[in-house]
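*Asks:* Here's a sequence, model it:
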Amino acid sequence: MIPTGRGPDLNTGGTPTGRAGGQSTRPAPSAQKPPVTFRTLVRALRGLGLDGQKPVLVHSSLKAFGKVQGGADTAAAALLDVFDKVMVPTFTYKTMVVPEAGPPDNAIRYGAHTDQNKIAEFFHPEMPADKMMGKIAEVIRTHPDAVRSGHPVLSFAGINVEKYLETQLLSEPYAPIAAMYDDGGWVVLLGVDHTSNTTIHLGERLAGRQRYLRWALMSDMIVACPNFPYCSDGFNAIQPLMAPFLKSTLVDSALIQAMPIPELVDTVRQLLEADPTALLCNRTDCLACNTIRRNIQQAKGRQ
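*Replies:* Here you go, the predicted structure:
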């Protein structure tokens with residue numbers, strides 16, 4: 001752990017979730033409205049009825065709320081006022097590099113990212129989170145009491161969440177979410193949909209969905225990052241199945257949703273065990289999803 005004061009399309013298949021830059025849940029404003037205040041956000045978050053002592057993993061888009069008085073600082077303060085343990089994704093895609101050659105069936109085009117490799121940066125503890133994580137995540141990352149995990153691409157940060165962050169390994173990037181599962185944690189989506197819902201990747205992992213190998217710059221070396229997830233463009237298909245477990249509210253026209261991590265992960269796992277192609281996107285250029293779909297079809301052909 002490290003105390004702390006859409007990303008590069010390396011496979012033409014999207015990026016792991018966590019992003020704030022996916023589909024906003026806010027419709028186009030029809031008229032100028034007064035700014036959202038700290039009290040408004042606190043009232044809405046408390047109105048979800050969650051146990052404030054349970055850990056929460058927050059994915060957020062500040063712009064989904066229109067004008068917020070005090071900006072991301074206000075939104076982060078509201079979260080910390082309501083919840084004791086707050087964790088956010090602080091992913092850093094700019095550390096990623098692609099070798100000239102590597103293992104097969106890895107949903108990547110080797111040797112085609114020379115320009116991207118030239119501008120890749122070595123991960124360091126104070127590296128800002130990718131902009132796709134959103135401004136609220138960055139405010140929490142830089143909070144004086146925040147702690148950050150050390151994964152060079154898929155780090156998390158938060159306050160009072162050291163117990164979860166210390167479980168993360170290069171080989172198990174989503175172990176912090178698994179630890180939150182054990183403690184009955186919640187996912188909170190602030191103005192974003194399930195394409196930003198990182199926890200769905202944990203359900204994929206537990207269901208045995210194919211993972212990939214990626215590489216990143218860290219401590220003056222290149223490190224391999226196994227069990228790397230990818231495309232989340234098909235994740236909104238989980239919404240109807242989560243309806244019985246969802247708690248939601250509106251701030252102006254921005255949707256806030258909360259769902260228990262155990263029920264979300266278990267629902268994803270059961271869905272994929274019944275239909276291994278569920279939650280894959282339909283983009284013809286998505287190497288990640290199309291590789292999984294092809295391998296499933298080949299496996300069926302061998303039965």
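
*Asks:* The one helix or strand residue 216 maps to packs against which elements?
*Replies:* Using DSSP states H and E, residue 216 falls within strand 212-218. Taking 3 or more CB pairs under 8 Å, 6 or more residues apart in numbering; DSSP states H and E as contact, the helices and strands that strand 212-218 lies on are strand 96-97, strand 221-228. The way it works is simple: take the backbone N, C-alpha and C, and place the C-beta from them, glycine included.

*Asks:* Dump these into a markdown table; add mean pLDDT and mean neighbour count as well.
*Replies:* Formatted as a markdown table, the helices and strands packed on strand 212-218 follow (pLDDT from 0 to 100; neighbours: other CB atoms under 10 Å):
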| stretch | mean pLDDT | mean neighbour count |
| --- | --- | --- |
| strand 96-97 | 98 | 20 |
| strand 221-228 | 97 | 16 |
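
*Asks:* In CSV: those strands, plus distance to residue 66.
*Replies:* Below are these laid out as CSV (distance: least, CB to CB, whole Å):
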stretch, distance to residue 66
strand 96-97, 33
strand 221-228, 35
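
*Asks:* got the buried residues for the strand holding residue 216?
*Replies:* Across strand 212-218, burial judged by 16 or more other CB atoms under 10 Å covers 212, 214, 215, 216, 217, 218.

*Asks:* Same question for stretch 171-188.
*Replies:* Neighbour count says stretch 171-188 has 173-181, 185-188 buried, by 16+ other CB under 10 Å.

*Asks:* Equivalent analysis for stretch 54-73, please.
*Replies:* Buried-residue list, stretch 54-73, by 16+ other CB under 10 Å: 54-66, 68, 72.

*Asks:* tell me the contacts of residue 226?
*Replies:* 170, 171, 211, 213 (CB atoms under 8 Å, 6 or more residues apart in numbering).

*Asks:* Then residue 53?
*Replies:* Per CB under 8 Å, 6+ apart, neighbours of residue 53: 84, 85.

*Asks:* Can you tell me how far the closest residue to residue 175 other than its chain neighbours is from residue 63?
*Replies:* Excluding its sequence neighbours, the residue lying closest to residue 175 (CB to CB, 6 or more residues apart in numbering) is residue 167, at 4.1 Å. Going from residue 167 to residue 63 by CB to CB, to the nearest Å gives 32 Å.

*Asks:* one step back: which ones among the buried residues of stretch 171-188 map onto strands?
*Replies:* Among the buried residues of stretch 171-188, DSSP state E puts 186, 187, 188 in strands.

*Asks:* can you list the weak-confidence ranges in the stretch 1-150 of the chain?
*Replies:* The stretch 1-150 of the chain contains residues with pLDDT under 70 at 1-15, 17-31.

*Asks:* now the strands: where do they sit in it?
*Replies:* Counting by DSSP state E, counting those that start in this stretch, one finds strands in the stretch 1-150 of the chain at the ranges 2-3, 56-60, 86-89, 96-97, 147-148.
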